[in-house]
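> Generate coordinates for the sequence data below:
(chains A and B, ligands or ions: 2)
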Amino acid sequence: MAKTITEINENIKKGKAVVVTAEEIVDIVEEKGVKRAAQEVDVVTTGTFGPMCSSGIYINLGHTKPRIKLGGGKCYLNEVPAYCGFAAVDIYLGCTHLSDDDPRNKVYPGEFKYGGGHVIEEFVAGKDVRLTATAYGTDCYPRRKLETWINIKDVNEAVLFNPRNVYQNYNVAVNLSNKLIYTYMGVLKPNLGNANYCSAGQLSPLLNDPLYKTIGIGTKIFLGGGVGYVAWQGTQHNPTAKRKDNGVPCVPAGTLAVIGDLKQMRPEWLVGTSFQGYGATLTVGVGIPIPVLNEEIVQYTAVKDEEIFAPIVDYGKQYPYSEKPLVELGEVSYTQLKAGKIKLHGREIPTAPLSSYPKAIEIAETLKDWIKSGRFLLTEAVASLPGPESGLTFKFLKERPIE
Amino acid sequence: MISKRIVLRFPNRLIDQPIICKLVKDYNLEFNILKAYVTPREEGLLVLELKGQDDEYNKGIEYLTRIGVRIQPLSQDIIRNNAKCTHCGICISVCPTGALVIDSITRKVHFYDNKCIACELCIPACPPRAMEVHF
Ligand code: SF4
Ligand code: SF4
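Ligands and ions are numbered 1, 2, ... in the order given. So this is what the prediction gives:
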């Protein structure tokens, strides 16, 4: 018997909804079967907490007296440059931005102690942030210089808007070269010294709805400890990526662009992080509820680590130099990855995760509580994300030399 | 038999003295240098694994204290700021001694400071900078 989102919301309002996490649904389906699970469960919650570099915030500062037009000027938040190519007092701060005098990788490997992500964490935490800006001055916006403390509670709007989050599956990074490398996948020791992976596996949002049957534009989500929405498919969304028979991609595939009111979010779920030798970023917590509309959906949410596979990719040479065709060195399941060792080229390689599974559980549990207590209702997607049938795929840049 | 990892701090008047040599000769202690440097304030700093018979070990420590070396157990030096740790797990691949390990059930990362040799590899490798050195 199929359910609708409206019916599920009625149950939520009455405090009668049955909500379980994507981890708990595995056993429920195993015990009761798909049919009964679909009848009994209303919502499955998912979660992920990992570094997501395409994240940032926009702020409307409020007009100054006399007025200033930052558009076309320059602006810094705690010395980290923010983008001001918009109207007078709208600015955007990306999480990977660094102050002009950060040594970056000049002293290799750089530490990247403080970047946009760290500013975002402090701003969300309610700390004062130093804004310094210069503008060229116009008849209607005469002011040329601004130096002030700003606080999240005083600005007009503060919005988290991330063009690409929540990767559906990801590479397992290894290093075939003979030197130690520092990557966005962590420190990789030479000659297959270690293997790092970055997905919550069976708890990860898009792995529980592999063909985007319920998650779409307008889906209400847990974002950074507050409420957000799916705004669009994320950049590099690649629905035509290779999949297994269960529909689950076995390489990085779909992505989401997400948006939400930063003022409601919490610093525990938006953490400024530094990747040695690579850069600064923001580690973001996202949780997505999946309405159990029918048996097919519950079957998808029951996916478990042993049925999800990730490709092993060499970050020593192949990834940086985009060698094509990208030959995967092999494929491993999340069960193998989480066991702490994988086998490759006849050797045992220790594994380590980059995204926090305990935090992913905490997010799925929090979202579950929100829904059970009636404070979080589900939304119907207003448009679907492009699926495999769209033919959409992601390309490399075709460079054309400029004479 | 005692085997401990300790941090020794030498005031600069002691830096060129054959102190460790004396520990070996007079107290029969075995040592393993984990780290050594002279701080900007010209204080010598030595991280040692020191091993020997109980009474000799204690006498050796007594000798060090007497001549003005300050001693501190190692585990105090590297701490994890638990409020900052996100239990991501990335540090387990850099820690050479297994002081940082993932619990296979909870997936949380444990820090066993008794296994820590203060190599500091985890300090810059921890994305939220939860591992801290306190000298
Ligand atoms: S890398 Fe840092 S945050 Fe991650 S588990 Fe280790 S100590 Fe905790
Ligand atoms: S200082 Fe070295 S030994 Fe101690 S926890 Fe960090 S990496 Fe492990």
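> Please enumerate the helices of chain A.
A:5-13, A:24-40, A:116-124, A:295-301, A:334-338, A:357-372 (DSSP state H).
> For B:Gly98, see how far away the most far-flung residue of chain B relative to its centre is.
Residue farthest from the centre of chain B, counting by C-alpha atoms, centre = their mean, is B:Ile105 at 29.4 Å. Distance, B:Ile105 to B:Gly98, using C-beta to C-beta, to the nearest Å: 17 Å. Every C-beta, even on glycine, is put in place using the N, C-alpha and C of the backbone.
> mind giving me the domain ranges of chain B?
Recorded structural domains for chain B (assignment: automatic domain parsing) are B:2-76, B:79-133.
> need the residues of chain A near chain B, please.
Residues of chain A found near chain B (C-beta under 8 Å from any C-beta of the partner chain) are A:49-51, A:109, A:111, A:113, A:186-187, A:189, A:194, A:196, A:271-276, A:281, A:283, A:338-340, A:350-359, A:361.
> which residue is nearest the middle of the chain?
Chain wasn't specified; assuming chain A. Mean-position check on chain A, C-alpha atoms, centre = their mean. Result A:Asn165 at 2.8 Å.
> should've been chain B
Nearest to chain B centroid, counting by C-alpha atoms, centre = their mean: B:Leu74, 3.3 Å.
> among the helices of chain A, which is nearest A:Lys179?
helix A:334-338 (24.3 Å; C-beta to C-beta).
> ok, and what's touching that closest one?
A:172, A:195, A:197, A:199, A:201-202, A:304-306, A:308-310, A:342, A:351, A:353, A:357, B:104, B:107 (C-beta atoms under 8 Å, 6 or more residues apart in numbering or on different chains).
> now it, how far from the chain's geometric center?
21 Å (C-alpha atoms, centre = their mean, to the nearest Å).
> just stretch A:283-295 next, same as before
Worked out by C-alpha atoms, centre = their mean, stretch A:283-295 lies 13 Å from the chain centre.
> likewise stretch A:36-47?
Using C-alpha atoms, centre = their mean, the offset of stretch A:36-47 from its chain centre is 23 Å.
> What is the end-to-end distance of it?
24 Å (C-alpha to C-alpha, to the nearest Å).
> got the buried residues for it?
A:37-38, A:41-47 (16 or more other C-beta atoms under 10 Å in any protein chain shown).
> Name the nearest residue to A:Ile342, ignoring sequence neighbours.
Residue nearest to A:Ile342 in three dimensions, not counting chain neighbours: A:Val332, with 5.0 Å by C-beta to C-beta, 6 or more residues apart in numbering or on different chains.
> For the helix or strand harbouring B:Val7, give me every contacting residue.
Using DSSP states H and E, B:Val7 sits within strand B:2-10. For strand B:2-10, contacts defined as C-beta under 8 Å, 6+ apart pick out B:19, B:34, B:43-54, B:57, B:64, B:68-77, B:117-118, B:135.
> Of those residues, which ones also sit close to chain A?
Within these, nothing lies near chain A by C-beta under 8 Å from any C-beta.
> Give me the ChimeraX select line for these, limited to the buried ones.
Applying 16+ other C-beta under 10 Å to the contacts of strand B:2-10 leaves a buried subset, and the ChimeraX line that selects it is:
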select /B:19,34,43,44,46,47,48,50,52,57,64,69,74,75,77,117,118
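> Can you flag which of the contacts of strand B:2-10 belong to helices?
Checking the contacts of strand B:2-10 against DSSP H, those in helices are B:19, B:54, B:57, B:64.
> Return the residues of chain B in contact with ligand 2.
Counting by C-beta under 6 Å from any ligand atom, chain B comes close to ligand 2 at B:78, B:94-95, B:97, B:99-100, B:116-122, B:131.
> Any chance of a PyMOL selection covering the buried ones in the residues you listed?
To isolate the buried members of these in PyMOL, using 16+ other C-beta under 10 Å:
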select buried, chain B and resi 78+94+95+99+100+116+117+118+119+121+122+131
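> For the residues of chain B next to ligand 2, please prepare CSV with the additional fields distance to A:Leu392.
What follows is the residues of chain B next to ligand 2, written out as CSV (distance: C-beta to C-beta, whole Å):
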residue, distance to A:Leu392
B:Ile78, 48
B:Val94, 38
B:Cys95, 42
B:Thr97, 47
B:Ala99, 46
B:Leu100, 41
B:Cys116, 49
B:Ile117, 51
B:Ala118, 51
B:Cys119, 47
B:Glu120, 46
B:Leu121, 42
B:Cys122, 41
B:Met131, 42
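> out of the residues of chain B next to ligand 2, which are inside strands?
B:78, B:100, B:131 (DSSP state E).
> Kindly indicate which of those residues lies nearest A:Asp102.
Closest to A:Asp102, out of all of these and judged by C-beta to C-beta, is B:Met131, at 21.1 Å.
> Return the per-residue confidence for that closest one.
We have a pLDDT of 97 for B:Met131.
> what's the answer for B:Tyr37, then?
pLDDT, B:Tyr37: 76.
> what's the helix or strand containing it packed up against?
If you go by DSSP H and E, B:Tyr37 is part of strand B:30-38. Judged by 3 or more C-beta pairs under 8 Å, 6 or more residues apart in numbering or on different chains; DSSP states H and E, the packing partners of strand B:30-38 are helix B:19-27, strand B:44-52.
> Those into JSON lines, with extra columns for mean pLDDT and distance to A:Pro388?
Output for these, formatted as JSON lines (pLDDT from 0 to 100; distance: least, C-beta to C-beta, whole Å):
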{"stretch": "helix B:19-27", "mean pLDDT": "89", "distance to A:Pro388": "67"}
{"stretch": "strand B:44-52", "mean pLDDT": "87", "distance to A:Pro388": "56"}
